[in-house]
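Novice: Sequence plus predicted model, see below.
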Amino acid sequence: MRCLIALISAMVLTSCVGGCQNGTKEMKRPIQSRLTGKFESVLLKEQGKPNETHLYDNRKKLVGEMRTPVAREAERLDPGADHRIKELVFVEENSTRFVWLMENDGVWRVFYDLDVPQGVHY
């Protein structure tokens with residue numbers, strides 16, 4: 001019985017030491033959903049003119065590794081609906097911000113955004 005307890009303790013200690021250590025350098029990761037709910041007019045007043053603008057007829061047109069979660073979020077928010085979606089890209093000094101807006105009754109509103117730090121590939 002003592003051998004079993006010693007073995008389990010060793011396994012727990014090993015996994016904690018291996019899994020609990022933090023690296024010395026902080027890993028850069030994209031940050032999402034800081035602008036959700038803002039109207040397009042408010043966003044443009046705060047952010048200025050976007051570097052790129054893309055318009056999609058519906059969420060099914062959002063393809064690719066980065067846009068698939070956006071399409072899923074659009075489906076989750078309004079299942080079965082085919083709203084037009086606008087993608088705005090703001091290139092800043094230390095990051096690139098992607099903002100997706102959904103049109104509802106002629107009004108564009110942010111439903112997903114992603115801030116990608118410089119050096120992170122997307």
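Specialist: Yep, that arrived.

Novice: What are the neighbouring residues in contact with Leu44?
Specialist: Pro50 (C-beta atoms under 8 Å, 6 or more residues apart in numbering). Every residue, glycine included, has its C-beta placed from N, CA and C.

Novice: now it: how far from Pro50?
Specialist: 8 Å (C-beta to C-beta, to the nearest Å).

Novice: Quickly find the element holding Trp100.
Specialist: strand 95-104 (DSSP states H and E).

Novice: doesn't Trp108 make contact with Glu40?
Specialist: Yes. With contacts counted by C-beta atoms under 8 Å, Glu40 reaches Trp108, the gap being 3.9 Å.

Novice: hey, where'd the helices end up in the chain?
Specialist: Ranges of helices in the chain, per DSSP state H, are 2-20, 40-47, 68-77.

Novice: Worst mean pLDDT among the ones you listed?
Specialist: Of all those, mean pLDDT reaches its minimum on helix 2-20 (a mean of 50).

Novice: number of nearby residues for Arg34?
Specialist: 12 (other C-beta atoms under 10 Å).

Novice: for the residue nearest to it when sequence neighbours are not counted, what are its contacts?
Specialist: Distances taken as C-beta to C-beta, 6 or more residues apart in numbering put Asp113 closest to Arg34, at 6.1 Å, once the chain neighbours are dropped. By C-beta under 8 Å, 6+ apart, the residues touching Asp113 are Gln32, Ser33, Arg34, Leu35, Thr36, Arg97, Phe98, Val99, Trp100.

Novice: follow-up on the earlier one: now for Glu40 and Trp108: what residues contact both?
Specialist: In contact with both Glu40 and Trp108: Lys86, Leu101, using C-beta under 8 Å, 6+ apart.

Novice: So those two - more neighbours on which side?
Specialist: Legend: neighbour count by other C-beta under 10 Å for Glu40 and Trp108, higher for Trp108 (20 against 16).
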